[in-house]
Every structure is written in structure tokens, then in C-alpha cells.
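>>> Compute the structure for the input listed below.
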Amino acid sequence: MRCVADNFYKVIAESLRAVEQLVAILRPVDRPALLDISPFVPELYPGVLTRFRDPALDQEIKEQAVSCMGQLFFSLGDHLRDELKQCLPVFVDRLKNEPTRLSTMKALVKVTSSPLRNDVSPVLADLLTLSTGFLRKNLRNLRLATLELIGALSRDYGQGIGAPVMSNIIKELPALIQESDLTIAQVALHVIVAAGNTHAAAIREHKEPIVARIVEISRSPVMQGSTLTAVVEAIKILAVIGSKDDTDLKPTVLIKRFLQPVYENTLNSQNIPEVVFSATHRQGFFGTAKCVAALALASGTDAAVVAACITDILTKDSSENVKMISLAVIAEIGYYSDLSSQPKLQEAFHFVFENGKDDSKTFAAMALGKICGGNVRKFVPNIIAELENESQKQYVILNALKELIHLVPSERISIEGIAPFVDRMWNSLLKRAGSVEEGYRNLLGECLGKLTALEPVRFVPLLIDVLQKTPAVQVRCTMITAIKFTVSDERRAIDPVLKDAIGVFLGFLNDPDLTVRRTALTLFNCVAHNKPVLLKDKLNVLLPLVYKETCIKEELIREVEMGPFKHEVDDGLDCRKAAYECLYTLLDSCLDQLNIFEFMDYVSRGLTDHYDIKTLCFLFIRRLVQSAPLSVTQRVDQFVVEIVKLLQSKAKPNAVKQEHEKNDELKRAALRAVHSLTLLPESDKSRSIAEVMGTIKAVPDLAAMWEHVKNELTLTAVATHAQGDVPMDTN
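As a prediction, this is how the structure comes out:
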């Protein structure tokens, strides 16, 4: 606190920042305190208050004092009840001052959101009046903080907020519910929910723009997660208000509003029906379906809505969009409600599987898996029975099974609930593990992997047993793919089981079959990305196998005749690309375990390989300059030799336009790598870098390309730095 009273502005600001962090750590509100901080409150508060009240201080000190005071009330509000009353007018005054407005708003959000129940009612009217105007400001962070404050005040003081004030706030919210900023849209929806519980009249007054915005945003293909949950909660509140005395907000009317863009048809100039739906991307149907399902379940009309959807599916004239939205609604309702009593449900699924297009079949598979939440014992055996039958529907049934396994465990489907059916699932999947078609094998592997993640102690040894005993290449690939999806499952703690087992699977990097090695490389990349700790004791054995796959193998290059022409096909290219992708991932996750000079030898070798690998290796160089600049400095000559060769190369005279564009893009990638090399320590003294710069400047086209690349990278770095995401880096 002596530093807080210092004369130098930087010391004061940093001291206040330290006090803020110290209080947050010593007195957390979500867990027991590390120590009793109450004896220190009489010393902490007056020192911060002096800086908080002083209007003549430097801007940085003002902002930090406001933030620190907000943290004091958030963590120590139970010790500072009377002091808060004295500080609230100062908060309001700082809120009126534009330079300190944002920091004050964030501090007030802390004060009001504290579980210690700080009382801000003396300035409630002032806060809400000022906040209403801030919702129209251009500064995004201010709008977001303002919405958070309004939401907290609406929840805590709902009845104490005047109707005209709340009406003015609600009036501003529809403009903030936009697909372009889902974070702000989510908080705005939370405010609507909070206001709907206490100020239904304000919601009814502005119902039309609110409903229109919610219907529009629900169709967004990027709508998911917490934002979608906020949309559903908002539409439930509207339905509750409508169920009382507002016809336009009744659940049945709202359902029609959501479905209208899909069902409403018009005729174009050729008298051909067109669906009036601005967002026809199939991903957008899921948000609409969730809203319709929530309304149907809340109003008790779920059975009628499902029956109507089934009718629409079975109607031959229904468009694919209508079928897809109907299946999505059935899926969402069926997850919460038992649909086994619907007489034509299975007929509807069968109709889509037999007659529907690929998108409709995908939706049907998803729905078939999801309705298991309503009645596990009824629908899960049906999926397994279909899987056991040798039919042409195997692929869509596998997708249904994948959806089902993905939902375990969830609020409706528990591990115990599907336990009686797991053995049948496992055996049916293993029976088809030798499929020749790679896409089918990948889907099988995903199902096996997700199933393994449910009971890893039981199933991982079974995968190893099948893997080691089978002579079939396809089966080995499926088992390796399965463990990849087990590794990528973040919902369960399975590292202890995988720690010893993963070496067995990755040992197939040395398999004699090319396809198996490529699949094992994909697994290696997945492990390096998701769980690099599993590689810690095994990298010295596995890395040489990965390096081995980066080499061009002449025996895998064959000549194919295409009419009068002969064309070389490199069967090992995909495997080499997979190997280099593994190395790129290791730069992020296991840099400290790499021999960086050996690593750079393989990067240099990749600069003479195929176009895709060259492009990736230029990214390697840029990343290496960031991660190991001193090591790169010792190998600059090696990289520059290959870069100069590429920059001096030209496309063949008879090359088509695509080849010229490809060659130019490769040169741009090389120039980006050169730009990174120029940022190395003492790069201005390097002969190699001087040589490559001379090559660039000697060719006008290259010089123009260099200026464009340099400006592009500089602008990107400035934009990134301005957002405050990472430190500015011109690489």
C-alpha cells in the first residue's frame, strides 16, 4: 500500500493492479478463502479510495483505481457495506466521463455480479438511464459490458425498475440480436429473459421486432452452444407471456413463425416453386428445430407437432427442406419425449432412407439416434437390429449409432441405460471392421472409438487384441482409427489407460502396408495435438519412424498412361504429407523434446518435395523463427539455397493457367518465409539473406510480390495487436 501512495504514475498503476490480483486470489468467492483477509481491509480500502476519488490523476491510474475498487467490492463487499454507499456516486460520475466509462462499466459489472449481494439500489435509476444510451454506442466492449450490467440489475432489482425505463431498454435490444456478433446477441437475450419475468408488458410492447430477430438468428448456421441455449430460453419466456393474454405470442403462433420461412412457397418467373428461406444451409435447421421443440414441449403440443412432421415427411410433394426441418424437430422433441406411441414414425424413417436425398438421410440418421433419449429400451435395440441386418442402409444406421453414442452420457441417456446393449453394438461394429471402403471404415472407427471411451479399461485391450491378431489391412486401419477417436474424446479422463496402450497402436508406424502407416501417422498427429503427454517417453522411438515417412520412396512412384501422355503417380505422397503434418504439430506440443537441428534437416529436404509439402515447409520456417530463432540462424544458408531455386523457377511454356497460379502462390509462401528470416537477430549481416533479397529485387515481378507480401503481413500483425489477442509479431 506504500507503493499505492507513491508519486510516480507507473508505480501507482502497477501497485493498484497488484492489489486487485492479490484480493482476487486471497478472497475468492467461489471457494474457501486462503486466509482471513478482514484484518487488512481497513488498510486496503482507504489507500485505494484516495486514488479512486481523485479526478486529477493520470488516465491509467484512474482506470486502474476504478477496476481495483470494483474488485474490492466483488471480493470484500460483506466488509464494505457502508463504504459502497459512499463510492456509488463516484462510480456514476466516472460513468459519465468518456475516458473512464468502459473501465467503470466493467467494475460495476463486478460489483453487481458478486455473490455477496452488493446493494446498488441508491443509484439504480441513474445506472439504467445511462446504460440505455450506451447501448447505441459504437464501442463493442462498452455495449457488451453495458448489457451484462443491465442483465445483472434486471435479475436483482426487476420489480424495482420502472416500466418506462425497462421499456426503453427493451426497445434497444432487437438491434443487438444479430448473427454478426453472437456474444452480444447472447447477453441481449439474457436481458430479455430477465425482463420477461418481471416486465411482461415491456416485452409485449416490443414483441414484433424481438420475435423477428429471434426467428432470424435461430436460422443461422453458426448458431450453437450457449447462444442457442439463450435463444431457446428467450423463446420460452415469450411463450409464457403469450400463454396468458397475448395471442401473437402463443406457442402455436410462434411455432408457425419459426417454420414459416421453410414452408412458405412462391413462384418464380418460370412458375417453379421456390422456398422462401434466406438461410437454406442445413446447419441452420437445428436452431429452428430446437426452438420449435422447446415451444411444443412447454405447451404440451409435442405429440401433435410430431404427428404433423411425420405427415409432412410422408407427403411426396414435400420439399427436401421440409423433410429436413421435420426430421430435426422430431429429433429435438424425441430426445425429451417418448415417441414410441407415434404409429407412423418408423414408416417415416423408412421412407426417407429409401427415397430421400443424402441430406435428408443424414437428418434421419441424426433423428433416429437422438430419439433414443425419449425411450432407450425401445429405440436402441431397433438401431442395433438394423445394423446387424445386411442391408443397403448400413451407412445411415452407423450415423444413427454415432449420434446415439455421442449423447452418452447426457441428461437423458446414461452409460447404465445403454449398458445392456453395448456388447451387441461392439460385436456388430467389429464384424464390419474389414470394409474395403475407407469412408465406411472411418465411420466404423469413430463409433468404436467413442464406445471405447465409455469403458476404456474394458475395450482398449480388446482393440489391441484384434489389432495384433488380424492379418487384414482394413481391420488394422479401423482399429487404429478407433483409438484416434478415443484419444480425441475430451469428456472423459482416459489418459491412465492410454498411457501404456498408445505405444502399441503407434508401433504400426513401422507396418509394411502403406495404408496402415498413413493411418498410424494420423493417429500420431491426433495424439501430439490432443494429448502430447502420452508421447513423452516414446518420442525417441517413434520420431525416427515419422522422419522415415518424410522420405521420397522411388518404389512407390509409378508411371500411368493417359491417352498419348505418360503421367507419374506418387503413391507415397499422402503418407509424406501426413508425416510432415505430424512434425508441424510437434513444433507446438513437443518442441522441448526435439533435436532441432535434425528436425530442420527434414524441413530443408521438404523444400525439394511436392507443392503441398513445400508450402507446409515454408510454414515450418516461419514457426521455427518464432520458436527457435538462434538455431534457425545457424541453418539460414541451408534454407536460402532452396528458396532461391524456387524463386528463380518458372512454369513450363505450355503450362495452363492453374499451374501458373500455383507457382505464384508457392513463391508468395516462400516470400513470407523470407520475411520471417529477415526478422532473425543480426539478419542484416547475413550473406544468405542478402543474396535472396538481391534475387527478389532483380526481378520486377518478384519485387512487386515481395512488397505486397510485406504489407500484408504488417497489416495482419497490426490488426492482431490492436485486438489485444497476442503480442505484436510481424511474422
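
>>> Tell me where the stretch 151-300 of the chain has helices.
Under the criterion DSSP state H, counting those that start in this stretch, helices of the stretch 151-300 of the chain are mapped to 163-172, 182-198, 200-205, 207-218, 225-245, 251-263, 284-299.

>>> Give the buried residues for the fifth one.
Meaning helix 225-245. By 16 or more other CB atoms under 10 Å, the buried positions in helix 225-245 come out as 227-228, 230-232, 234-242. Yep, even glycine has a C-beta here, placed from its N, CA and C like the rest.

>>> ranking the helices of the stretch 151-300 of the chain by burial, who's on top?
Ranked by mean neighbour count, those are led by helix 284-299 with a mean of 24 (mean count of other CB atoms under 10 Å).

>>> for that helix, packing partners?
Packing contacts for helix 284-299, counted by 3 or more CB pairs under 8 Å, 6 or more residues apart in numbering; DSSP states H and E, involve helix 207-218, helix 225-245, helix 251-263, helix 302-314, helix 320-336.

>>> hmm, try it at 10 Å
Applying 3 or more CB pairs under 10 Å, 6 or more residues apart in numbering; DSSP states H and E, one finds that helix 284-299 contacts helix 207-218, helix 225-245, helix 251-263, helix 302-314, helix 320-336, helix 358-370.

>>> average pLDDT across it?
Helix 284-299 shows a mean pLDDT of 93 in the predicted model.

>>> could I get it in PDB with only the CA atoms?
Extracted in PDB, the C-alpha atoms of helix 284-299 (Å, rounded to 0.1, in the frame of the first residue of the first chain):
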ATOM      1  CA  GLY A 284     -29.400 -23.600 -39.800                       C
ATOM      2  CA  PHE A 285     -32.300 -26.000 -39.400                       C
ATOM      3  CA  PHE A 286     -31.000 -27.300 -36.000                       C
ATOM      4  CA  GLY A 287     -31.500 -23.900 -34.300                       C
ATOM      5  CA  THR A 288     -35.000 -23.600 -35.700                       C
ATOM      6  CA  ALA A 289     -35.900 -27.100 -34.600                       C
ATOM      7  CA  LYS A 290     -34.700 -26.600 -31.100                       C
ATOM      8  CA  CYS A 291     -36.900 -23.500 -30.700                       C
ATOM      9  CA  VAL A 292     -39.900 -25.300 -32.200                       C
ATOM     10  CA  ALA A 293     -39.300 -28.300 -29.900                       C
ATOM     11  CA  ALA A 294     -39.000 -26.100 -26.800                       C
ATOM     12  CA  LEU A 295     -42.300 -24.400 -27.600                       C
ATOM     13  CA  ALA A 296     -44.000 -27.700 -28.300                       C
ATOM     14  CA  LEU A 297     -42.800 -29.300 -25.100                       C
ATOM     15  CA  ALA A 298     -43.600 -26.300 -23.000                       C
ATOM     16  CA  SER A 299     -47.100 -26.000 -24.300                       C
END
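
>>> where in the stretch 1-150 of the chain is pLDDT low?
1-2, 5-7 (pLDDT under 70).

>>> So which bits of the helix or strand in which Met425 is found are buried?
Assessed by DSSP states H and E, Met425 sits inside helix 422-431. Within helix 422-431, the residues that count as buried by 16+ other CB under 10 Å are 422, 425-426, 428-430.

>>> same thing with stretch 437-453?
440-453.

>>> Serialize those to TSV and add fields for secondary structure and pLDDT.
Formatted as TSV, the buried residues of stretch 437-453 follow (DSSP: H, G, I helix; E, B strand; the rest coil; pLDDT from 0 to 100):
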residue	secondary structure	pLDDT
Tyr440	helix	92
Arg441	helix	93
Asn442	helix	94
Leu443	helix	94
Leu444	helix	95
Gly445	helix	95
Glu446	helix	95
Cys447	helix	95
Leu448	helix	95
Gly449	helix	94
Lys450	helix	93
Leu451	helix	94
Thr452	helix	93
Ala453	helix	92
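
>>> between these, which is nearest Val4?
Ala453 (51.7 Å; CB to CB).

>>> Residue ranges in the stretch 401-550 of the chain under the pLDDT threshold?
Judged by pLDDT under 70, the stretches of the stretch 401-550 of the chain that qualify are 491-492.

>>> Could you dump the buried residues of helix 422-431 into a markdown table and include distance to Ala56?
Shown next, in a markdown table, are the buried residues of helix 422-431 (distance: CB to CB, whole Å):
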| residue | distance to Ala56 |
| --- | --- |
| Val422 | 71 |
| Met425 | 72 |
| Trp426 | 74 |
| Ser428 | 77 |
| Leu429 | 73 |
| Leu430 | 77 |
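
>>> which residues sit in contact with Val625?
Val625 makes contacts with 631-633, 636, 673, 675-680, 683, 729, 731, as judged by CB atoms under 10 Å, 6 or more residues apart in numbering.

>>> Against which helices or strands is the longest helix seen in the chain packed?
What stands out as the longest helix in the chain, according to DSSP state H, is helix 700-723. Judged by 3+ CB pairs under 10 Å, 6+ apart, the packing partners of helix 700-723 are helix 636-648, helix 657-677, helix 687-698.

>>> helices and strands around the shortest one, which ones?
Spelled out, that is helix 687-698. Looks like helix 687-698 contacts helix 636-648, helix 657-677, helix 700-723 (3+ CB pairs under 10 Å, 6+ apart).

>>> What are the buried residues along it?
Using 16+ other CB under 10 Å as the test for burial, helix 687-698 gives 688-689, 692-693, 695-696.

>>> what angle sits between it and helix 636-648?
10 degrees (axes from the mean of the first three to the mean of the last three CA atoms, to 10 degrees).

>>> From the chain's centre, how far out is helix 687-698? Work that out for me.
For helix 687-698, the separation from the chain centroid amounts to 42 Å (computed by CA atoms, centre = their mean, to the nearest Å).

>>> Show the average pLDDT along that helix.
For helix 687-698, the mean per-residue pLDDT is 93.

>>> Could you do the second one as well?
Rounded to a whole number, the mean pLDDT of helix 657-677 is 92.

>>> Extract the C-alpha trace of that helix and format it as PDB.
Only the C-alpha atoms of helix 657-677 are listed here, as PDB (Å, rounded to 0.1, in the frame of the first residue of the first chain):
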ATOM      1  CA  LYS A 657      -3.400 -21.000 -66.000                       C
ATOM      2  CA  GLN A 658      -3.900 -23.100 -62.900                       C
ATOM      3  CA  GLU A 659      -0.200 -24.100 -62.900                       C
ATOM      4  CA  HIS A 660       0.900 -20.500 -63.200                       C
ATOM      5  CA  GLU A 661      -1.300 -19.600 -60.300                       C
ATOM      6  CA  LYS A 662       0.100 -22.500 -58.300                       C
ATOM      7  CA  ASN A 663       3.600 -21.400 -59.000                       C
ATOM      8  CA  ASP A 664       2.900 -17.800 -57.900                       C
ATOM      9  CA  GLU A 665       1.200 -19.000 -54.700                       C
ATOM     10  CA  LEU A 666       4.300 -21.100 -53.900                       C
ATOM     11  CA  LYS A 667       6.500 -18.100 -54.400                       C
ATOM     12  CA  ARG A 668       4.300 -16.000 -52.100                       C
ATOM     13  CA  ALA A 669       4.700 -18.700 -49.500                       C
ATOM     14  CA  ALA A 670       8.500 -18.600 -50.000                       C
ATOM     15  CA  LEU A 671       8.500 -14.800 -49.600                       C
ATOM     16  CA  ARG A 672       6.600 -15.000 -46.400                       C
ATOM     17  CA  ALA A 673       9.300 -17.300 -45.100                       C
ATOM     18  CA  VAL A 674      11.900 -14.900 -46.300                       C
ATOM     19  CA  HIS A 675      10.200 -12.100 -44.400                       C
ATOM     20  CA  SER A 676      10.400 -14.200 -41.200                       C
ATOM     21  CA  LEU A 677      14.100 -14.800 -41.800                       C
END
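
>>> Alright, calling it a day.
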